[in-house]
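[1] no sequence for this one, just the structure:
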């Protein structure tokens, strides 16, 4: 019991940092949207902020994995938290939209590199038998931030301004970097024979040639691993496609609620709150029963429930029906995310995890932009209702294919869950 308690010391610190950063993210998102609306009075200016996130991924993820897998993960996490803190702090002092977009783009680029870095560090820190439990708690923290972040933002707006809330977000990322600084340095200093030969070859080239050659070899490594572990990457890629279609459907939510359901802005906010409650309840139930569930069950049942929730929402003609769909999809998303994260940590080698996630995220970002465009064009040429219905049915079909692939092709998992 004492050893188990001692083990959770550093994971608890990591989870605390994650919670602070996630709450800060939500406060930042809402405060920045309101600031942009106050400054320019244009919904288009806000829409531009949402395009920056996948664009940032396109800018970084072709090379970010090479850096993540080779450099000290803890130092990178501290550095990117501090970079985001400083850049966020400068935003209220900027008064030109192009400068704001540039700074937000760099913040998103830092976030897109931070994500695979954090995944690799977490995988190294958490032993296999504790991962399901850790991921279920992390899912609960994400859902809690989804509820607490907007609530804190609303409270801050009552007593101060969105600009002051942005300063608070900068402080949150600063505190998160301090929490990471407390964590242990897990990097191994050993170098294999193949790596020493590879490094010797690279030193003979110019700096630009070395960089290009390294990135090229890393892409070849990812392709080679994808062919060898085709069953693992099939499941991984199906999940990425699932989330891409979901992102496209999410971009249609406001229009669907207001034009198909004849809802108001406040009713849309209520639906978002219902989704937050569903995610919180799902994460809580997941954390309680996760020891009794295998990764296969978490991933398959979670994915099918997630897709079913979208179909319920898309076929709804009433506000209550849409609320049921939102609750269902968010509830099962907690199980699906825990299952997928644990699957990824257990079956992708930690020394190439950064390169795998970065390169596949690059492909997913391009597909996401295409998904949003196609669903938006379909809604424009046909109808919003049918666009969402077709997209939801496609999403449910992908979840069924994913569940079948998990059942047929998932490799045997390592021993699960410590007592």
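    Structure received. All of these numbers come straight from a predicted model, not from anything done at the bench.
[2] quick one: buried residues of stretch 121-140?
    Of the residues in stretch 121-140, 121-126, 128, 130-140 count as buried by neighbour count, 16 or more other CB atoms under 10 Å. All C-beta atoms are positioned from the backbone trio N, CA, C, and that covers glycine.
[3] how far out from the middle of the chain is it?
    Computed by CA atoms, centre = their mean, to the nearest Å, the chain-centroid distance of stretch 121-140 equals 16 Å.
[4] Mind picking out the helix or strand in this protein with the poorest mean pLDDT?
    Sorted by mean pLDDT, DSSP states H and E, the helices and strands of the chain end with helix 193-203, the least confident at a mean of 46.
[5] State the next helix or strand along the chain beyond that helix.
    Downstream of helix 193-203, the first helix or strand assigned by DSSP states H and E is helix 207-228.
[6] And the helix or strand just after that next one, what does it pack against?
    Reading on from helix 207-228 to the C-terminus, the next helix or strand found by DSSP H and E is helix 230-250. Other helices and strands packing on helix 230-250, by 3 or more CB pairs under 8 Å, 6 or more residues apart in numbering; DSSP states H and E, are helix 295-314, helix 319-347, helix 353-381, helix 384-409.
[7] Read off the pLDDT value for residue 406.
    At residue 406, the model reports a pLDDT of 91.
[8] Tell me who's in contact with it.
    With contacts defined as CB atoms under 8 Å, 6 or more residues apart in numbering, the neighbours of residue 406 are 235, 296, 299-300.
[9] out of those, which is most surrounded?
    When neighbours are counted by other CB atoms under 10 Å, residue 299 leads the contacts of residue 406 with 29 neighbours.
[10] Return the residues in contact with the nearest residue to that residue once chain neighbours are set aside.
    With CB to CB, 6 or more residues apart in numbering as the criterion, residue 299 has its nearest non-adjacent residue at 3.4 Å, and that residue is residue 339. By CB under 8 Å, 6+ apart, the residues touching residue 339 are 295-300, 302.
[11] so where's the protein shaky on pLDDT?
    1-7, 41-47, 50, 62, 188-211, 264-266, 269, 412-419 (pLDDT under 70).
[12] still on that earlier bit, now, the buried residues of stretch 121-140 that are in helices?
    When the buried residues of stretch 121-140 are checked against helices (DSSP state H), the matches are 121-125, 131-140.
[13] Check these and tell me the two furthest apart.
    Checking those against each other with CB to CB, the farthest-apart pair comes out as 124 and 140, at 22.2 Å.
[14] Show me what the helix of greatest length in the chain is packed up against.
    Across the chain, the helix with the greatest residue count (assigned by DSSP H) is helix 9-40. Contacting helix 9-40 under the criterion 3+ CB pairs under 8 Å, 6+ apart are the following elements: helix 43-60, helix 97-125, helix 131-159, helix 162-182.
[15] for it, the distance to its chain's centre please.
    Here the centre of helix 9-40 is set off from its chain's centre by 13 Å, with CA atoms, centre = their mean.
[16] thinking residue 392 is in contact with residue 309, fair?
    No - counting by CB atoms under 8 Å, residue 392 sits too far from residue 309 to count as a contact (9.0 Å).
[17] Spit out the residues that contact these two alike.
    Shared contacts of residue 392 and residue 309, counting by CB under 8 Å, 6+ apart, come down to nothing at all.
[18] Relative to residue 238, how far out is residue 298?
    Counting by CB to CB, to the nearest Å, the gap between residue 298 and residue 238 amounts to 15 Å.
[19] cool, residue 8 as well?
    If you go by CB to CB, the gap between residue 8 and residue 238 works out to 33 Å.
[20] Between those two, tell me which one has more neighbours.
    A side-by-side neighbour count of residue 8 and residue 238, using other CB under 10 Å, places residue 238 first with 18 against 14.
[21] And for the closest residue to that one other than its chain neighbours, the neighbour number?
    Take residue 238 and drop its neighbours on the chain: the residue closest to it by CB to CB, 6+ apart is residue 402, 4.3 Å away. As a burial measure, residue 402 scores 25 neighbours (other CB under 10 Å).
[22] Can you report how many residues lie near residue 72?
    By the measure other CB under 10 Å, the count of residues near residue 72 is 14.
[23] right, and it touches residue 180 too?
    No - Residue 72 sits out of contact with residue 180 when judged by CB under 8 Å, with a separation of 11.6 Å.
[24] and stretch 328-342, how far from the chain's centre?
    Its chain's C-alpha centre lies 12 Å from the corresponding centre of stretch 328-342 when counted by CA atoms, centre = their mean.
[25] need the contact list for the nearest residue to residue 59 once chain neighbours are set aside.
    Residue nearest to residue 59 in three dimensions, not counting chain neighbours: residue 109, with 5.8 Å by CB to CB, 6+ apart. Contacts here follow CB under 8 Å, 6+ apart; on that basis residue 109 touches 56, 59-60.
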